[in-house]
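Asker: Next one to model:
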Amino acid sequence: MNNRELARTNCFDNMAAFGKAHAADIADAAADSAGRKKAKAKARAKFTELDTLSVAIGKEVAKQQSGGRAVGTTNRGVLRDSLTGDLREWNRTAAAVAEDLKRPEIMDGFRMPHGNNDTELAGRARAFIKAVADLKLHDAFVEHGLDDDFEDALDERISDFEDSKDTQSAAGQETTGAADALGELITTGMGIRKSLDALVNNLFKGNATVIGEWSTASHVDRQGSRKAKPGAGGTTPAGELRTRTDIVGHDRFAIVGTIGRLVAFEHPHAGSVHQRLSAGRITFNFSSFRSALSSRSTAGWSGGRR
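Answerer: As a prediction, the model looks like this:
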C-alpha cells in the first residue's frame, strides 16, 4: 500500500467513526419529513457500505503483506541452492571416481553450470544423471558414499525446482491481484465519500460543529504533506497547516502554513513574511520579495490583493 492509498483508507476509517458517533443523529425522528427520512436512510446505507468496504480492504492489504511473490521467490531460492549443492556433491564424487579409475574424461560429463540461469541449472542436473547411466558409474558412485537411489533423488529435486517456477508465478499473480482489487475498493470508497459528503452537509446544514467534524473526518491528507514547525518567535497557530514548496526564479520559498486567509512564507535567508490570500490566490510583488531575500531580511516586501 502506497502513501496515497494509506491516506484514503485512513479517511474511510475516520468517516466510519463519524457515522458511528452520529448514528443517533441520522436515525429517523418523528418530526422528519418524508424526504428527510429518505436522505437519512441513504446516509445510513452508505455508512454500512463503508463498514463492509473497510473489512474488504483489510483482507486485500493482508494478502499484500502475507509475502505473496516474496514467499514464492524464497522457496525457489531454497530449492535452487539445494539443487546446486547436489550437483557439487556429484561433481566431487565424479572427480574421485575419475582419479580412482584413471579416466579423467569422466569429468566432461560432470562440469558445474556457470551463472544464474535456472533452465541451464536444471538441464545440467539432468545431464549428470544421463552421464552416470551412459558411463555405467552407478556402482562407483555408491562405493564413494552416495545413496543407492541417488539418481532418483536428484531427479525428484529437479522436478521440485522446475515446479517452483509455477508456484512463484502464482504467488506473484496473487499479489498483483490483491493490488488491483485494493485499487478498485479505494475507488469505490471515494465514491461513497462523495455521496456522504453531500448527504452530511445537507442533513446537518447550519450545524457548524457537526459539519466541522465531518470536514475533518472526510479529509484526505495530501501525499508528502508535513506539518509546519512553530516559528522561532512563538507557537504554531491553532488549526490545520498545509505545506508546499515552490520555485520562483532561482529563489526558493516555502508556504509553511495556511490558516483561513493567512499564509506564512519562509525562506532560509529572508526569515518569515506573511500575506493574505484573495479568492484562493496568493498575490505579492516578486521583485520586492527577491530584494528581501538578497538583503536577508523582510525589508522591501510589498504585497497586493486582487
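
Asker: and the longest helix that the chain contains, what's its mean pLDDT?
Answerer: Assignment by DSSP state H gives helix 150-203 as the longest helix of the chain. The predicted model gives helix 150-203 an average pLDDT of 79.

Asker: Tell me, how many residues neighbour the closest residue to residue 96 other than its chain neighbours?
Answerer: Using Cβ to Cβ, 6 or more residues apart in numbering and skipping residues adjacent in sequence, the residue nearest residue 96 is residue 144, 5.4 Å away. C-beta coordinates here come from the backbone N, C-alpha and C atoms, glycine included. Using other Cβ atoms under 10 Å, residue 144 is surrounded by 15 other residues.

Asker: Which residues are in contact with residue 144?
Answerer: Taking Cβ atoms under 8 Å, 6 or more residues apart in numbering, we find residue 144 in contact with 93, 96, 97.

Asker: now it: how far from residue 57?
Answerer: Note on residue 144: its distance to residue 57, by Cβ to Cβ, to the nearest Å, is 59 Å.

Asker: where are the low-confidence patches of the protein?
Answerer: 1, 64-74, 165-179, 223-306 (pLDDT under 70).

Asker: Break it into its domains for me.
Answerer: Structural domains assigned to the chain are 1-224, 229-306, following automatic domain parsing.

Asker: thinking again about what came up before, could you single out the nearest of the contacts of residue 144 to residue 193?
Answerer: Distance ranking of the contacts of residue 144 against residue 193, using Cβ to Cβ, places residue 93 first at 67.3 Å.

Asker: dump the residue contacts of the closest one.
Answerer: 141, 144, 145, 146.

Asker: I'd like the residues you listed as JSON lines, with distance to residue 38 appended.
Answerer: JSON lines is the format used below for the contacts of residue 93 (distance: Cβ to Cβ, whole Å):
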{"residue": "141", "distance to residue 38": "83"}
{"residue": "144", "distance to residue 38": "86"}
{"residue": "145", "distance to residue 38": "83"}
{"residue": "146", "distance to residue 38": "80"}
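
Asker: For residue 194, which residues are in contact?
Answerer: Applying Cβ under 8 Å, 6+ apart, no residues qualify as near residue 194.

Asker: My guess is residue 162 contacts residue 122. True?
Answerer: Yes. Here residue 162 reaches residue 122: they are 5.7 Å apart, a contact under Cβ atoms under 8 Å.

Asker: Pick out whichever of these two has more residues nearby.
Answerer: residue 122 (19 against 16).

Asker: where's the more buried one relative to residue 155, distance?
Answerer: Going from residue 122 to residue 155 by Cβ to Cβ gives 11 Å.

Asker: What of residue 222?
Answerer: Counting by Cβ to Cβ, the gap from residue 222 to residue 155 is 58 Å.

Asker: same thing with residue 214?
Answerer: For residue 214, the distance to residue 155 (Cβ to Cβ) stands at 66 Å.

Asker: so what's residue 91 up against?
Answerer: 110, 111, 112.

Asker: ok, now residue 124?
Answerer: Applying Cβ under 8 Å, 6+ apart, we find residue 124 in contact with 87, 111, 112, 113.

Asker: Redo these as JSON lines? Include neighbour count and distance to residue 135.
Answerer: Formatted as JSON lines, the contacts of residue 124 follow (neighbours: other Cβ atoms under 10 Å; distance: Cβ to Cβ, whole Å):
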{"residue": "87", "neighbour count": "21", "distance to residue 135": "16"}
{"residue": "111", "neighbour count": "14", "distance to residue 135": "14"}
{"residue": "112", "neighbour count": "12", "distance to residue 135": "17"}
{"residue": "113", "neighbour count": "17", "distance to residue 135": "19"}
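
Asker: one step back: now the common contact residues for residue 122 and residue 155.
Answerer: By Cβ under 8 Å, 6+ apart, no residue touches both residue 122 and residue 155.

Asker: Compute the inter-axis angle for whatever helix or strand residue 62 lives in and helix 150-203.
Answerer: Assigned by DSSP states H and E, residue 62 belongs to helix 34-65. For helix 34-65 against helix 150-203, the angle by axes from the mean of the first three to the mean of the last three Cα atoms, to 10 degrees is 160 degrees.

Asker: Okay, helices next: where are they in the protein?
Answerer: Using DSSP H, the helices of the chain run over residues 3-21, 34-65, 69-101, 118-134, 138-143, 150-203, 208-217, 286-294.

Asker: what's the closest of those to residue 27?
Answerer: Comparing the helices of the chain by Cβ to Cβ, helix 34-65 comes nearest, at 7.1 Å.
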